[in-house]
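[1] Got a predicted structure plus its sequence, pasted below:
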Amino acid sequence: MKLIADCGSTKIDWCALNDGKVTKQVFTLGMNAVMLTEEEIRQRISEQLIPELGELAGKITEVYFYGAGCISAEVCGNVARALRANLPAATTVEVYTDLLAAARALCGRTPGIACIMGTGSNSCLYDGEAIASNVSPLGFILGDEGSGAVLGKLFLGDVLKKQLPAEICAKFLDEYDLNLLTIIQRVYREPQANRFLASVTPFLSKNINVPEIHALVLNAFRAFFRRNIKQYTAYEKHTVNFIGSIAYYFEDVLNEAAAAEGCKVGKIVKSPMEGLIEFHS
């Protein structure tokens, strides 16, 4: 029996497969493995996953874990040992970055460009087996173009500097119960500013027909293609595929941005799990 994990900072989606069919799906709290010790990861798996799997835990022989923060051999080793400690029947335990999850889910074993566009953004040129090239995303301060965090950052800046119609600014501040001081507090003095910034994107989606909001989102997406996708060799020969809530909910504007930058969008899906199940089956 196989166990596939799609691990993000907010939640982990676990799927147990038997002969390619989902036997059980479990959701646990997310984590960024680079920020936790091996013992902390082991404890989380023990307390949150194993009780949910029940007797299936002893039948898992293969584990494929894709996670945020799994960017070095040391971190991947910590996760692998924590998994082995909780799943002793597993003879195969493989740990990879969430970007490879996106590539395998979107492209299978066919070369292409795979992207994540959710709270953060990332991309890679995939050769059908492994990541051949990656433009560093750099996070929402230096990069992460097109991400929820960056869209939120740009929008809030425009609201506070009164670059948008007055009625839109007032509507937003009232709907989200925010003011200058609370926004500054959430961005500069409280943890996880990226999540707070991304939390305002539903307002952008609902008001995407406002010309100024449409232009903001369009320009952010065009920046993603210019500063990331166009850095890959022969990018124009590949479709650009996306996983993530921002790509999924802003699909029309994303396609508009791609066309303006001479890129062709392929698949856009909200979550990689369906594609990972197919890949590992």
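    Everything's here; your move.
[2] what ranges do the strands span in the stretch 1-150 of the chain?
    Remark: strands assigned in the stretch 1-150 of the chain by DSSP state E, counting those that start in this stretch are 2-7, 11-18, 21-29, 62-67, 92-97, 112-117, 121-126, 131-133.
[3] can you list those strands in TSV and add distance to Glu74 and mean neighbour count?
    In this view, the C-beta of every residue, glycine as well, is placed from N, C-alpha and C. Shown next, in TSV, are the strands of the stretch 1-150 of the chain (distance: least, C-beta to C-beta, whole Å; neighbours: other C-beta atoms under 10 Å):
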stretch	distance to Glu74	mean neighbour count
strand 2-7	17	24
strand 11-18	20	19
strand 21-29	23	14
strand 62-67	14	23
strand 92-97	11	18
strand 112-117	22	26
strand 121-126	20	26
strand 131-133	19	15
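[4] which stretch among those comes nearest Met35?
    strand 62-67 (11.4 Å; C-beta to C-beta).
[5] So what's the gap between that closest one and the chain middle?
    In terms of C-alpha atoms, centre = their mean, to the nearest Å, the centre of strand 62-67 is found 16 Å from the chain centre.
[6] swap in stretch 208-219?
    The answer for stretch 208-219 is 23 Å, by C-alpha atoms, centre = their mean.
[7] what comes up buried for that stretch?
    208, 210, 213-214, 216-218 (16 or more other C-beta atoms under 10 Å).
[8] Over to stretch 260-276?
    Neighbour-count burial for stretch 260-276 [16+ other C-beta under 10 Å]: 261, 263, 265, 267-269, 271-273, 275-276.
[9] could the buried residues of stretch 208-219 be laid out in JSON lines, adding distance to Gly77 and secondary structure?
    Shown next, in JSON lines, are those (distance: C-beta to C-beta, whole Å; DSSP: H, G, I helix; E, B strand; the rest coil):
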{"residue": "Ile208", "distance to Gly77": "44", "secondary structure": "coil"}
{"residue": "Val210", "distance to Gly77": "49", "secondary structure": "coil"}
{"residue": "Ile213", "distance to Gly77": "45", "secondary structure": "helix"}
{"residue": "His214", "distance to Gly77": "46", "secondary structure": "helix"}
{"residue": "Leu216", "distance to Gly77": "42", "secondary structure": "helix"}
{"residue": "Val217", "distance to Gly77": "40", "secondary structure": "helix"}
{"residue": "Leu218", "distance to Gly77": "42", "secondary structure": "helix"}
